[in-house]
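*Asks:* no sequence on this one, just coordinates:
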Ligand code: ADP
């Protein structure tokens, strides 16, 4: 089936050939006509001049026009032209057709050429070449020639169009084959088959398009995989606290457990974890959709660090941890949403406290790094195994699932922190040595 694009290509090629043939034909026609005209004029002029000289010579030798008729007849036969010669009185003294001899000649549509050689002092006669034939006779012959040429052009043009049609048909099929492949792959992709890839080895823009399509398809496949994983992760994360709650309630119902303060506290903890999980998920989904509204202004980071540290101090004291701040005297203000950056700081501090044993130290530092401020939370805790370190910013990733759950973590804290820092144009990273401690640092832009 001929596709629309293929038809358009064929029509375009045909049009180009027709227009080119037309232009070539008209310009050749015009140029040839001019040239033939000029050539004819030149030959005529040369012939007339020669005839004038010969007639004058004849007259000068003979002293009259007597006996000129055979010569004129001969010239007329040779040149296939009618030649009429009159004397000074207009009486025909020679006619190549011998018809008007001796008659007074009054030409209707032709002016004669006067014979006035310098030695004679005056006019000795007048001669006419083709006086009665239509002046455009030559042109009629030319028109016939041009008509022929035109016919050749039309035939040539038609052959060119037919050849172009065939060539375009096969060429466009070759060109459009990858487009068709891309179209059907895109359709299947649209129907949800994300494994679609196209094999276009073309090095032109089509090859580039195919490459872009393939990378888009693989991005979509990854996004789809992520979405599926996320749904599975969320279901899994929700199931654990819910089944704990259910288990407790069933135990109470069956009389295995008493509905005492302990049971209620356990239930409350699980319910709190559930609601934190839902809050964190909501925040993460906003951050990932780029819909977090940041209210940014110049903020004193020293103050912010002091407040966040003071906020967790009671927990640190209760856990037997020492919490310290080590900041330079003066730091430039940061262009941040203080609420969000406090949230990041609090998350890093809580993580440090949760993963550092009694007697350990947690230190918060900050310094200027070019146009950014770098804030770091270091601890002397258990550290993170090297194989886990690259994954800890992924959602629900926990080094030790059972323990992390005990600390009430949702496994989303670092993921949210990363998104928040990135929304500010900064970066976040972690360094850690197992058994010695960890250092989490992030950068935020300095206010202009
Ligand atoms: P959670 O809610 O479990 O704390 P996070 O995303 O904040 O989730 O952290 C992910 C995991 O990274 C934690 O479960 C923990 O295993 C590890 N982690 C985070 N901070 C530290 C730290 N300072 N020291 C050791 N491990 C840490």
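*Replies:* Good, I have the coordinates. In this text the structure is predicted, and so the values were computed from the model without any measurement.
*Asks:* Whichever strand or helix holds residue 344 close to the ligand?
*Replies:* Element membership for residue 344, per DSSP states H and E: helix 338-354. Yes - residues of helix 338-354 are located near the ligand by C-beta under 6 Å from any ligand atom, namely 347, 351-352. All C-beta atoms are positioned from the backbone trio N, CA, C, and that covers glycine.
*Asks:* Name the next helix or strand following that helix along the chain.
*Replies:* Past helix 338-354, the next helix or strand by DSSP H and E is strand 361-369.
*Asks:* ok, so what distance separates the residue in the stretch 101-250 of the chain that the ligand sits nearest to from residue 185?
*Replies:* For the stretch 101-250 of the chain and the ligand, the shortest gap (C-beta to the nearest ligand atom) falls at residue 237, measuring 10.6 Å. For residue 237, the distance to residue 185 (C-beta to C-beta, to the nearest Å) stands at 36 Å.
*Asks:* Ok, residue 446 next?
*Replies:* For residue 446, the distance to residue 185 - C-beta to C-beta - is 48 Å.
*Asks:* what does residue 47 give?
*Replies:* Taken as C-beta to C-beta, the span from residue 47 to residue 185 is 78 Å.
*Asks:* Which residues of the stretch 201-350 of the chain lie near the ligand?
*Replies:* The stretch 201-350 of the chain has residues residue 347 near the ligand, with proximity defined as C-beta under 6 Å from any ligand atom.
*Asks:* now the helices for the stretch 201-350 of the chain?
*Replies:* Taking DSSP state H, counting those that start in this stretch to define them, one finds helices in the stretch 201-350 of the chain at 205-253, 261-288, 301-319, 338-354.
*Asks:* how about the strands in this protein?
*Replies:* 83-86, 92-95, 113-115, 125-129, 297-299, 322-326, 334-336, 361-369, 372-379, 428-433, 437-445 (DSSP state E).
*Asks:* What strands flank the fifth one, and is each parallel or antiparallel?
*Replies:* Looking at strand 297-299 with DSSP bridges, its partner strands are strand 334-336 (antiparallel).
*Asks:* Pull the distance from the partner strand to the chain's centre.
*Replies:* 38 Å (C-alpha atoms, centre = their mean, to the nearest Å).
*Asks:* And the average pLDDT for that strand is what?
*Replies:* In this model, strand 334-336 has a mean pLDDT of 96.
*Asks:* Stretch 430-448 too?
*Replies:* 95.
*Asks:* Deepest in the core, which of the helices of the stretch 201-350 of the chain is it.
*Replies:* Counting by mean count of other C-beta atoms under 10 Å, helix 338-354 has the highest mean neighbour count of the helices of the stretch 201-350 of the chain, with a mean of 21.
*Asks:* now that helix against strand 322-326, angle please.
*Replies:* Here helix 338-354 runs at an angle of 140 degrees relative to strand 322-326 (axes from the mean of the first three to the mean of the last three C-alpha atoms, to 10 degrees).
*Asks:* Could you tell me the angle between helix 338-354 and helix 301-319?
*Replies:* Using the same axes, to 10 degrees: helix 338-354 against helix 301-319 is 30 degrees.
*Asks:* for helix 338-354, the distance to its chain's centre please.
*Replies:* On C-alpha atoms, centre = their mean, the centre of helix 338-354 falls 45 Å from the chain's centre.
*Asks:* That one - contacts with which helices or strands?
*Replies:* strand 297-299, helix 301-319, strand 361-369, strand 372-379, helix 413-423, strand 437-445 (3 or more C-beta pairs under 8 Å, 6 or more residues apart in numbering; DSSP states H and E).
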